[in-house]
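Undergrad: Return a 3D structure for these sequence lines:
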Amino acid sequence: MSASHWCGTATADVAEALLALGGNVGDVRSTFERALAMLCEDGRVLLKMRSSDYATPPWGVTEQPPFVNSCVAVETDLAPEALLGLVQGIEQALGRRRAAESRWGPRTIDIDILTYDDLTLDRPDLRLPHPYLLERAFVLVPLAEIAPDRVIAGRRLRDALARLDTTGISRFPPRAAP
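TA: Next comes the predicted model:
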């Protein structure tokens, strides 16, 4: 587990968001580094905690390369919709082309907003908390690393994870510092 890593500046009125990162095309771990740098570059998002990176079996469409998954906790003064616009812009800048992808298929990067404080939203473009986060081991393994006692939708993350099959999920060793 990474210690708190601050990038940006804190403001008085901030929300905590939990984000999931995933991908299986190219050098995904380097793509994550670039995505997090882009996320924090204007100071409106502050990286508080980052999980380890995990190799995970593909989900949904199983005939594709394994994925790399990670989760982060951030603070932001952006509204949920603005945060969504930011992460989708980062995905596109890093080569993701949603229109050309198949659902659950290969991708350079996927950044999902899992939670935004304790807000509940049900909109076509943004549902909070993420509707499937408690069902997917590839999300819960890294998320429980950084927030095991967090309660989402009435369930503590470590308890939700204990009910899932984590076969095939393995932690990558830390990356060497540059």
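Undergrad: C-alpha only now, for contacts and for neighbours.
TA: Fine.
Undergrad: and stretch 128-142, how far from the chain's centre?
TA: 10 Å (Cα atoms, centre = their mean, to the nearest Å).
Undergrad: now Glu41: how far from Ala79?
TA: To Ala79, Glu41 is 17 Å away according to Cα to Cα, to the nearest Å.
Undergrad: Ends of stretch 40-60, what's the gap?
TA: Stretch 40-60 stretches 31 Å from its first residue to its last (Cα to Cα).
Undergrad: what is the rounded mean pLDDT of that stretch?
TA: Averaging pLDDT along stretch 40-60 yields 95.
Undergrad: Show me what counts as buried in it.
TA: When burial is assessed from 16 or more other Cα atoms under 10 Å, stretch 40-60 yields the following buried residues: 40, 43-58.
Undergrad: Give me the subset of those residues that lies in strands.
TA: Among the buried residues of stretch 40-60, DSSP state E puts 45-50, 54-56 in strands.
Undergrad: Switch those residues over to JSON lines; also include distance to Thr167.
TA: Supplementary listing: those in JSON lines, determined by distance: Cα to Cα, whole Å:
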{"residue": "Val45", "distance to Thr167": "33"}
{"residue": "Leu46", "distance to Thr167": "33"}
{"residue": "Leu47", "distance to Thr167": "29"}
{"residue": "Lys48", "distance to Thr167": "29"}
{"residue": "Met49", "distance to Thr167": "25"}
{"residue": "Arg50", "distance to Thr167": "22"}
{"residue": "Tyr54", "distance to Thr167": "12"}
{"residue": "Ala55", "distance to Thr167": "11"}
{"residue": "Thr56", "distance to Thr167": "9"}
